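Peer 1: Got a predicted structure here, sequence first:
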Amino acid sequence: MKKYFIFIICISTAFFISCEKDPVDPTEDELARDALYNIMKTYYLWDKLMPEVKKEDYPDPYKLLEAMRYRELDRWSYVQDYAEFEQQQQAIFVGHGIRIGLDEGNKTRIAQIYNAAPMYEKGVRRGWIIKKLNDVELAPIFINNDMRAYNNLIGASQAGITNTFLFETPDGEVTVTDTKTTFISNTVIHYDTLHLKTGVTGHLVFEQFITPSNEELEDVFEFFSLCDINNIIVDLRYNGGGNLSVLQNLAAHIGGSSLFGKPLLTLTHNEQLKSQDITMNFNTVSSSVNVGKMIVITTRGTASASEYLINGLKPFMEIQTIGDTTNGKPVGMYGLMYPRVQPQYAFLPIAFAHLNTNGEGDFYAGFAPEMYVPDDITRDWNDRNEACLKEAIYLLENGTVSQKSQYKYRKPVIFSEGSKKPDYSFLIDK
């Protein structure tokens, strides 16, 4: 089985024997806490800026990490159950395979659905209105941003749980009963070509940078190459990051064969680990295109590897963004497992910063778009009237946005199934 870690951490614990009473063996949580403490002291990017803590004051690694975090900049370090983490990296999904969002008219809709999900086979598509879930009106839960109520209603991320959805579709109301299953999710959500005044444009909706994505991306860019595209629209609105080697591949697919082997980005570490600073190159891939311009559709959930793609390709091609300002994560983490045998935890502390080949990084404010456009969940990905896609097409064909931006930020309410942590990781594949 493929592992996703550059380091394997083994921590030995010293025990002090008191004359007054027998020593108490530490719990598994306390051993994990102590391991994380040593990891943070060694690998954390802001190791000199962490708050001083006494690790014994915290019962487990989750609480210790929150105490040690450099809060001025670090919004991303986290601890996760190892089994959940490994499932994510292998694209194993348990559930209906959907995201649900609240549109600007306060209607709940399918914001995303995996092609491999049973509900997709039943005809459910992005943009469908969900009026009721298990006979409960869904919109009030989303209007109140009540994720707990939503999770209680839809149930745990567990195969065998059945839910009934009342949809309002373009063809009328339909009831769909679906049982949660375990399946391999697709990370390429959609791709097609757009025949515009400026030529043939590739259109890719990409959700996550994980190792199984590589095969999907090969198929996409083999198709784009055969279609001889000259520009590309990459939709990363729900893409929170992922694996470094996948980023190297996607950048090479887009950048073209002339960039194979050339520097893409540099990872820089804290002073203790300067010897591990490394320059990562564009990989060599079998299918690539040579586009003149890339438009990226972004939201505030566009993070980490997605932002690295924008920053990494900037020195080599014209790039503009449409949608909302990106997350602003110019730093990344290694996935560190604990313990070595039968891991229970994945520790993901921020461990390095990123610079492109021009030495540009530190984009903590995110990348602001050419025009602010809200995420239009009322339409499917291939609908040219979907607000973000429509504006991206306009920008390509006219060289400017359609109007001065009037959009005022409205925090989107989009719930994924269960309580899975957003994947803001940025991992070395080892």
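Peer 2: Cool, the structure landed.
Peer 1: For my notes, confirm M337 occurs in a strand.
Peer 2: Yes. If the criterion is DSSP: H, G, I helix; E, B strand; the rest coil, then M337 is within a strand.
Peer 1: Spatially nearest residue to it, not counting backbone neighbours?
Peer 2: Distance criterion CB to CB, 6 or more residues apart in numbering; nearest residue to M337, sequence neighbours excluded, is P343 at 4.0 Å. Glycine gets a C-beta too; all of them are placed from N, C-alpha and C.
Peer 1: I'd assumed Y82 was in contact with the one you found.
Peer 2: Yes. Counting by CB atoms under 8 Å, Y82 is a contact partner of P343 at 4.1 Å.
Peer 1: From M40, how far off is F347?
Peer 2: According to CB to CB, to the nearest Å, F347 stands 9 Å off from M40.
Peer 1: the helices in the stretch 201-350 of the chain, which residues?
Peer 2: For the stretch 201-350 of the chain, the helices defined by DSSP state H, counting those that start in this stretch cover 213-227, 244-255, 305-313.
Peer 1: deepest of these, which one?
Peer 2: Burial of these is given as mean neighbour count (mean count of other CB atoms under 10 Å); helix 305-313 ranks first at a mean of 26.
Peer 1: and it with helix 244-255, angle?
Peer 2: Per axes from the mean of the first three to the mean of the last three CA atoms, to 10 degrees, the angle that helix 305-313 makes with helix 244-255 is 50 degrees.
Peer 1: List of residues touching helix 305-313?
Peer 2: Applying CB atoms under 8 Å, 6 or more residues apart in numbering, the set of residues contacting helix 305-313 from outside is 209, 234, 236, 239-244, 246-247, 250-251, 254-255, 264-265, 294, 296, 298, 319, 321, 326-330, 332, 354, 356-357, 360-361, 363, 366-367, 426.
Peer 1: any idea how far the residue positioned nearest the centre of the chain is from S306?
Peer 2: Per CA atoms, centre = their mean, the C-alpha nearest to the average position across the chain is that of G240, at 1.9 Å. The gap separating G240 from S306 is 7 Å, by CB to CB.
Peer 1: E391 too?
Peer 2: 19 Å.
Peer 1: Could you do W76 as well?
Peer 2: Relative to S306, W76 is positioned 13 Å away (CB to CB).
Peer 1: again with T299
Peer 2: Relative to S306, and taking CB to CB, T299 is found at 10 Å.
Peer 1: Next: Q342.
Peer 2: 33 Å.
Peer 1: try L204
Peer 2: Applying CB to CB, the value for L204 to S306 is 12 Å.
Peer 1: Show me the protein divided up by domain.
Peer 2: Domain ranges of the chain: 94-184, 188-427, per automatic domain parsing.
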